[in-house]
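**Q** structure here, sequence nowhere to be found:
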């Protein structure tokens, strides 16, 4: 028993070294993208700890005082976690990233434990956990603070681990906490049903999952009370028949990113495919049919691999369903996003561990070592994109030169670095291209901030007033307008703008 415990400790230390070699250098990275928007918000500064229970009664953005976004998220636990982190770290990016990295390490350790429960050899279990730890598609989930995927992921993998050990109450508790952190967790019982029925039979296996499905129904009821007509999300205007071709391509692309994580991007702009006869749609459909056939004929008698395949697939259903309307930048929605692969990567990594256990020792060592080194190198390279706002948005602009989201982001990033001429150039480009877009409105706020920094108060006030003429409740514009009046010595006008 002592030898077993020592072996586990060595495995945990190995995973810790691997994770910090891959992500440790990101501790000094700056805030990027939505990180700035959320963490620079004065509401967080003034939000008292005693008001955290109120976060469970409002939509995500409204609970933090943001009313200009469509209220489609109910994530009270994530909101509470964010508030507590802010009180601890304030404007220090390394603290948030340290927490994210540590949560990712914990997820990897539990993946290792799940592999052992599935009768993997210890070396193969360590390989599966290591694969998850350094998989390149997890970079966005770990490095981008606002993604908070590792926070949700720990509830998911702990729920799976407890369920496999027949500890139903802890498993149900982790599932409930996961639901309150991110919506996608609602898919977990569908995957666990396959494992439960395979292990305990249809009747007993289904009965075991009933509390999970009941918890999901209660969650949907609460979500309906909080979000109203946005209970099942928003933003979809295209009829189903028009979305199916794009959904097929999106699912195939997600599968490709899992297995061949090359040519990764920080942002995948919306891409519609109008016809089932489009060559890319047809190829995607054939690949998905082939994958489904392989899983059915190869895994239908293998409980563990069938369960893992289902878990991999079901966690992709929500982002595929919302193809091209995923949260992006301003008016530009995302086609797919790598952060939605975090839970599926867990499944893939455990499957890899199971396969490695069935290989010969010599071949296994070569394959495992090569994959870990390759994926680790790719992850380190991919993480450099998230170094700071300028690096991040420059990469998006390189991939999509016409992206107003990229240019608006670059304007804000250059402003933060005090490079005002470059900031103004990008912001005016956005405003000139589409003056009535959301990106243009954000650009007006940033342009006002440029003028404010340059002490051109009249021009700053003009920009903020323009935004408020369109969005009268925009808190950033209101806050900055008051600051501009105060700095210009017009405190009376500042008070009157409230």
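**A** Ah, there it is. Since we're looking at a predicted model, the values are computed, not measured.

**Q** list the buried residues of stretch 288-298.
**A** 288, 291, 295 (16 or more other CB atoms under 10 Å). For every residue, glycine as well, the C-beta is placed using N, CA and C.

**Q** repeat for stretch 454-467
**A** Quick answer for stretch 454-467 (16+ other CB under 10 Å): 457, 460, 461, 463, 464, 466, 467.

**Q** so residue 378 sits against residue 136, correct?
**A** Yes: assessed by CB atoms under 8 Å, residue 378 is found in contact with residue 136 at 4.2 Å.

**Q** what touches both of those two?
**A** 261, 264 (CB atoms under 8 Å, 6 or more residues apart in numbering).

**Q** the two: which is more packed in?
**A** Set residue 378 next to residue 136 and count neighbours by other CB atoms under 10 Å: residue 136 wins out with 23 against 19.

**Q** show me what contacts that one?
**A** 261, 264, 375, 378, 379, 382.

**Q** tell me, how many residues neighbour residue 373?
**A** Other residues close to residue 373 by other CB under 10 Å number 11.

**Q** in this protein, where is pLDDT below threshold?
**A** The model of the chain has pLDDT under 70 over residues 1-4, 37-44, 61-71, 229-239, 326-331, 359-360, 362-363, 490-498.

**Q** that one: strands as residue ranges?
**A** For the chain, the strands defined by DSSP state E occupy 326-329, 332-334.

**Q** so how far is the shortest one off the chain centroid?
**A** Going back to what we said before, that points to strand 332-334. 14 Å (CA atoms, centre = their mean, to the nearest Å).

**Q** also stretch 293-309?
**A** Distance of stretch 293-309 from the chain centroid (CA atoms, centre = their mean) equals 28 Å.

**Q** kindly report the same for stretch 302-317.
**A** Centroid separation for stretch 302-317 versus its chain: 20 Å, with CA atoms, centre = their mean.

**Q** show me the contacts for residue 340.
**A** 184, 254, 315, 316, 318, 319, 326.

**Q** for those residues, which one is nearest residue 367?
**A** residue 254 (23.6 Å; CB to CB).

**Q** export the contacts of residue 136 to CSV and tack on distance to residue 280?
**A** Below are these laid out as CSV (distance: CB to CB, whole Å):
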residue, distance to residue 280
261, 20
264, 19
375, 27
378, 24
379, 28
382, 24
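
**Q** and the residues you listed, which of them are in helices?
**A** 375, 378, 379, 382 (DSSP state H).

**Q** kindly write the PyMOL command that selects the buried subset of these.
**A** The PyMOL command for the buried members of those (criterion: 16+ other CB under 10 Å) is given here:
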select buried, resi 375+378+379+382
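
**Q** can you add distance to residue 112 and give the ones in helices among the contacts of residue 136 back as a markdown table?
**A** Output for the ones in helices among the contacts of residue 136, formatted as a markdown table (distance: CB to CB, whole Å):
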| residue | distance to residue 112 |
| --- | --- |
| 375 | 16 |
| 378 | 21 |
| 379 | 18 |
| 382 | 23 |
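
**Q** what's the closest of the buried residues of stretch 454-467 to residue 407?
**A** Nearest to residue 407 among the buried residues of stretch 454-467, counting by CB to CB, is residue 463 at 16.7 Å.

**Q** list the contacts of that closest one.
**A** By CB under 8 Å, 6+ apart, residue 463 lies in contact with 444, 445, 447, 448, 451.

**Q** next: residue 304.
**A** 118, 195, 354.
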